[in-house]
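Colleague: fold the following and give me the result.
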Amino acid sequence: MRVTLTQSNKDDIKSVCLELLTVPRPTIRQVAQVIGKLVACFPAAQYGPLYYRQLEIDKIQALKLARGHFDRPMTLSPDAKDELRWWLDSVDDLSNHIRKGTPSIQITSDASGLGLGATNGTTQIGGRWSMHERVRAQNNEINYSELLAAFLALQSFCRDIADTHVCIRMDNTTAVAYVNNMGGIKSAACNSLARAVWAWCQQKGIWLTAAYLPGVLNTAADRMSRKFNDQLEWMINKDVFRGICNMFGTPDIDLFPTRNNTQLPRYISWLPDPGSEAVDASMVTWQSFYFYAFPPFSLVMRCLTKIELDQAEGLLVVPEWPTQPWFPRLLGLLVEDPIVLHNKDLLTQPGTGEKHPLTHLSLLCCRLSGSPSKVKVYQEKLQTSSSPLGGSRLGDNTSATYRNGLTFALHNKLILCRQMKLK
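Modeller: The predicted structure follows:
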């Protein structure tokens with residue numbers, strides 16, 4: 001069952017909102033009376049609490065300047081006028097459920113000075129704050145951090161979910177209140193974030209309920225907000241990546257990052273992530289995009305198999321380890337000469353700024369294709385290997401053969417690597 005406004009209520013709301021918009025400087029009393037009428041509509045306006053707080057903030061500020069005199073004139077801010085316009089445009093269609101029902105999804109989140117953690121009961125996620133988020137967390141804006149952790153948890157676990165009731169559990173009563181009240185007036189930052197949370201939920205048809213969970217019971221999310229596997233967070237220097245794009249073209253999507261170390265706006269994460277298009281790149285067909293992948297080194301062989309099976313094309317960054325069993329297979333999928341990347345600042349961790357301890361590590365950026373015809377075109381352009389008089393030609397050789405750069409041999413063809421260094 002749903003609750004709706006009577007026609008007389010609707011007409012009254014339209015009248016008072018229109019009057020405030022047309023009067024250049026209404027009195028504080030007039031604004032307060034309109035706010036009272038709007039609040040009275042909340043039982044029949046599901047998202048009504050999202051659209052009155054700027055009016056309330058303007059009223060409070062004007063009342064302070066007027067030293068408590070309600071009959072003094074005041075000026076409405078542009079945001080307050082936008083709220084009035086929302087009521088004018090929406091009042092005819094407003095309604096609200098009498099009961100929202102039991103939540104079908106339960107999520108628990110937590111925030112620390114280092115990062116966020118969350119769980120939906122089966123999967124646990126966590127990660128460091130970005131540079132901007134970490135500054136706010138370290139400035140003890142814990143209420144904002146807790147609310148942000150809840151929002152990121154929602155985006156991670158409910159990315160493909162719509163038209164349902166979700167309960168988010170937190171151990172911060174202020175964050176709980178900002179969610180359930182659809183904002184507040186004491187913190188502009190928390191109010192703005194709460195509005196963003198509800199705007200996202202409204203777009204997906206999600207009704208959100210926040211519940212308090214004592215910290216002693218919030219152990220899983222708390223642990224994930226403090227302990228991170230930073231060894232999986234290495235990313236290539238941004239300047240180097242731009243150089244790669246200049247040489248190979250800009251890829252469509254990044255296949256193995258998190259929200260903190262992605263090189264591209266579109267990405268597929270390994271675990272649920274607030275900004276990812278999907279989870280687990282191995283479960284997605286790669287043929288439909290030009291990809292960029294810098295996977296954990298243990299997954300290189302699986303990536304090569306995926307490229308062949310999907311007949312995909314893209315950029316794969318791997319360590320320059322010619323003795324690895326996957327290396328000849330890598331050379332056999334090339335469609336352009338690879339790039340050698342090496343510099344002491346080549347790899348960093350986005351959350352900490354830490355440099356990779358292996359300062360002499362060399363990487364190869366390879367444009368690969370699972371299309372046999374494209375590979376054949378590239379190999380036909382390669383120079384045929386030669387040998388000293390009386391010697392034999394190189395067949396397949398995965399060791400460096402020239403001092404002026406890395407050169408490999410594949411099927412009696414020479415593959416010359418291009419160099420890229422940071423100054």
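Colleague: what's the end-to-end length of stretch 38-46?
Modeller: End-to-end distance for stretch 38-46, by CA to CA, to the nearest Å: 12 Å.
Colleague: same question, stretch 118-128
Modeller: Span of stretch 118-128 from end to end, CA to CA: 12 Å.
Colleague: that one: which residues count as buried?
Modeller: Within stretch 118-128, the residues scored as buried using 16 or more other CB atoms under 10 Å are 118, 119, 120, 124, 125, 126, 127, 128. Just so you know, the C-beta spots here come from the backbone N, C-alpha and C atoms, and that holds for glycine as well.
Colleague: next, format those residues as JSON lines and append distance to residue 209 and pLDDT.
Modeller: Listed next are these as JSON lines, based on distance: CB to CB, whole Å; pLDDT from 0 to 100:
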{"residue": "118", "distance to residue 209": "16", "pLDDT": "96"}
{"residue": "119", "distance to residue 209": "17", "pLDDT": "96"}
{"residue": "120", "distance to residue 209": "15", "pLDDT": "94"}
{"residue": "124", "distance to residue 209": "22", "pLDDT": "94"}
{"residue": "125", "distance to residue 209": "21", "pLDDT": "93"}
{"residue": "126", "distance to residue 209": "23", "pLDDT": "92"}
{"residue": "127", "distance to residue 209": "25", "pLDDT": "90"}
{"residue": "128", "distance to residue 209": "28", "pLDDT": "89"}
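Colleague: where along the stretch 101-250 of the chain do the helices fall?
Modeller: 131-138, 142-157, 173-180, 188-204, 219-224, 238-248 (DSSP state H, counting those that start in this stretch).
Colleague: pick the most deeply packed of these.
Modeller: Stretch with highest mean neighbour count among the helices of the stretch 101-250 of the chain: helix 142-157 (a mean of 24; mean count of other CB atoms under 10 Å).
Colleague: in TSV, list the buried residues of stretch 118-128 along with distance to residue 303.
Modeller: Below are the buried residues of stretch 118-128 laid out as TSV (distance: CB to CB, whole Å):
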residue	distance to residue 303
118	28
119	29
120	28
124	25
125	23
126	25
127	23
128	25
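Colleague: just the closest of the residues you listed to residue 296, please.
Modeller: Nearest to residue 296 out of these is residue 127 (CB to CB; 16.1 Å).
Colleague: who are the neighbours in contact with the closest one?
Modeller: Applying CB atoms under 8 Å, 6 or more residues apart in numbering to residue 127 gives the contacts 115, 116, 228, 258, 259, 260, 273, 351.
Colleague: what's the farthest-apart pair in the buried residues of stretch 118-128?
Modeller: Largest pairwise distance in the buried residues of stretch 118-128, by CB to CB, is 20.3 Å, between 120 and 128.
Colleague: so which elements touch the helix or strand residue 308 falls within?
Modeller: Element membership for residue 308, per DSSP states H and E: helix 300-310. Helices and strands touching helix 300-310, by 3 or more CB pairs under 8 Å, 6 or more residues apart in numbering; DSSP states H and E, are strand 313-319, helix 327-331, strand 363-369.
Colleague: what's the burial count for residue 90?
Modeller: If you count neighbours by other CB atoms under 10 Å, residue 90 ends up with 14.
Colleague: so it is in which element?
Modeller: Assigned by DSSP H and E, residue 90 belongs to helix 78-90.
Colleague: buried residues, stretch 14-30. List them.
Modeller: 16, 17, 20, 26, 27, 28, 30.
Colleague: end to end on it, go ahead and measure it.
Modeller: Start to finish, the residues bounding stretch 14-30 are 14 Å apart (CA to CA).
Colleague: how distant is it from the center of its chain?
Modeller: 41 Å (CA atoms, centre = their mean, to the nearest Å).
Colleague: swap in stretch 322-342?
Modeller: Centroid separation between stretch 322-342 and its chain, computed with CA atoms, centre = their mean, is 31 Å.
Colleague: just the buried residues of that stretch, please?
Modeller: By neighbour count with 16+ other CB under 10 Å, stretch 322-342 contains the buried residues 322, 324, 326-327, 329-336, 338-342.
Colleague: repeat that for stretch 72-79.
Modeller: Within stretch 72-79, the residues scored as buried using 16+ other CB under 10 Å are 74, 76.
Colleague: out of the helices and strands packed on helix 300-310, nearest to residue 196?
Modeller: strand 313-319 (33.2 Å).
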